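Trainee: Model the structure of this input:
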Amino acid sequence: MNSESKIVKKVRLFRTAPHDCSYLEGRRAATLFVDPDVQVTASINSQLSERGFRRSGSHIYKPDCHGCQSCVSSRVLVDDFQLRRQHRKIVNRNSDLVARETDSLDRDETYSLYSDYIHQRHADGDMYPPSPEQYESFIAVRPEGTRFFEFYLQDRLLAVSVLDQLQHGLSAVYTFYDASESRRSLGNYVILWQIEKARALNLPYLYLGYWVKDCPKMSYKIKFRPLEMYVRGKWIRLS
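Mentor: Numbers count the residues shown, from 1 in each chain. The predicted structure is shown next:
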């Protein structure tokens, strides 16, 4: 066992007080956070992701709600994934886009896209209203292993993907896009692109974060089968 594995086993966790659930109306939620004094390396992030944790900004967390296990960590089985008819249509609609990797997301153009996205898609969520400070701490922060990709139509920025490169996969931390381009299904397209990126890197998984059965905003994840779901400490295949 290497030293970082020992750190993961000994890492301190802090539980928040109950608060309103972001996913299910009328529910109360609580969250486990990894000790913020722990330096989150790519290795530690990988091991925690294997245990159902998730990164948000500089924090690593996991839902820990009394009497509720609706938030289920999910990951795509990259080697077994095949494009279906609806996937091919989405890929074809976006064949004119070019993905570019960038070192930072500190340009006005990128923040403007993020702000518009939150206003149009998440005005009822806990990220509203957006602010430069929120953007910097949630999106633009770059721990070890984090990569930024921007998707352009010629010189026009249409989407941004924040990815963590883990030991055994890619983790889709967050994606935001031009919500006015509804015909393109940009959110789904970026996931398809991420799957192919993981395949090109010989990584077996794409982590999609938490799937919540009764939350319509999370329903898209179930479309990318075969998936594995983290249930009671084990990854279970959902074909």
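Trainee: how about Gln120, what does it touch?
Mentor: 179-180 (CB atoms under 8 Å, 6 or more residues apart in numbering). C-beta coordinates here come from the backbone N, C-alpha and C atoms, glycine included.
Trainee: Wasn't it part of a helix?
Mentor: Yes - counting by DSSP: H, G, I helix; E, B strand; the rest coil, Gln120 is located in a helix.
Trainee: Quick one: low-confidence residue ranges for this protein.
Mentor: 1-8 (pLDDT under 70).
Trainee: quick one: contacts of stretch 97-107?
Mentor: With CB under 8 Å, 6+ apart as the criterion, stretch 97-107 contacts 111, 139-140, 142, 147-153, 158-160, 162, 189, 193.
Trainee: I meant to write stretch 15-31 there.
Mentor: 32-33, 61-66, 68, 70-71, 125-126, 210, 212, 214-215, 217-218.
Trainee: Looking only at that stretch, what residues are buried by neighbour count?
Mentor: 21-24, 29, 31 (16 or more other CB atoms under 10 Å).
Trainee: Show the end-to-end separation of that stretch, please.
Mentor: 6 Å (CA to CA, to the nearest Å).
Trainee: can you count the residues close to Val34?
Mentor: Using other CB atoms under 10 Å, Val34 has 21 other residues around it.
Trainee: Buried subset of the contacts of stretch 15-31, written for ChimeraX?
Mentor: Per 16+ other CB under 10 Å, the buried members of the contacts of stretch 15-31 correspond to this ChimeraX selection:
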select :33,61,62,63,64,65,70,71,210,212,215,218
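Trainee: Just confirm Leu214 is within a strand.
Mentor: One correction, residue 214 is Asp, not Leu. No - judged by three-state DSSP, Asp214 forms no part of a strand; its state is coil.
Trainee: check contacts around it.
Mentor: 24, 70.
Trainee: how about the strands of the chain, start to end?
Mentor: 13-15, 19-20, 28-29, 31-34, 54-56, 59-63, 71-77, 98-102, 146-153, 156-165, 169-177, 205-212, 227-231, 234-238 (DSSP state E).
Trainee: So in that sheet, which strands flank the third one, and in what orientation?
Mentor: The pairing partners recorded for strand 28-29 under DSSP bridges are strand 19-20 (antiparallel).
Trainee: With the fifth one instead?
Mentor: When pairs are called by DSSP bridges, strand 54-56 turns out to pair with strand 59-63 (antiparallel).
Trainee: quick one on the thing from earlier: can you add distance to Arg88 and give the strands of the chain back as a markdown table?
Mentor: Formatted as a markdown table, the strands of the chain follow (distance: least, CB to CB, whole Å):
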| stretch | distance to Arg88 |
| --- | --- |
| strand 13-15 | 43 |
| strand 19-20 | 40 |
| strand 28-29 | 38 |
| strand 31-34 | 38 |
| strand 54-56 | 30 |
| strand 59-63 | 34 |
| strand 71-77 | 17 |
| strand 98-102 | 18 |
| strand 146-153 | 18 |
| strand 156-165 | 19 |
| strand 169-177 | 20 |
| strand 205-212 | 18 |
| strand 227-231 | 19 |
| strand 234-238 | 22 |
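Trainee: Looking at those strands, spot the one closest to Leu83.
Mentor: Of all the strands of the chain, strand 71-77 sits nearest to Leu83, with 12.3 Å by CB to CB.
Trainee: now the most centrally placed residue in the chain: how far from Leu208?
Mentor: Closest to where the C-alpha atoms of the chain average out (CA atoms, centre = their mean) is Val173, at 2.8 Å. Here Val173 is placed at a distance of 10 Å from Leu208 (CB to CB, to the nearest Å).
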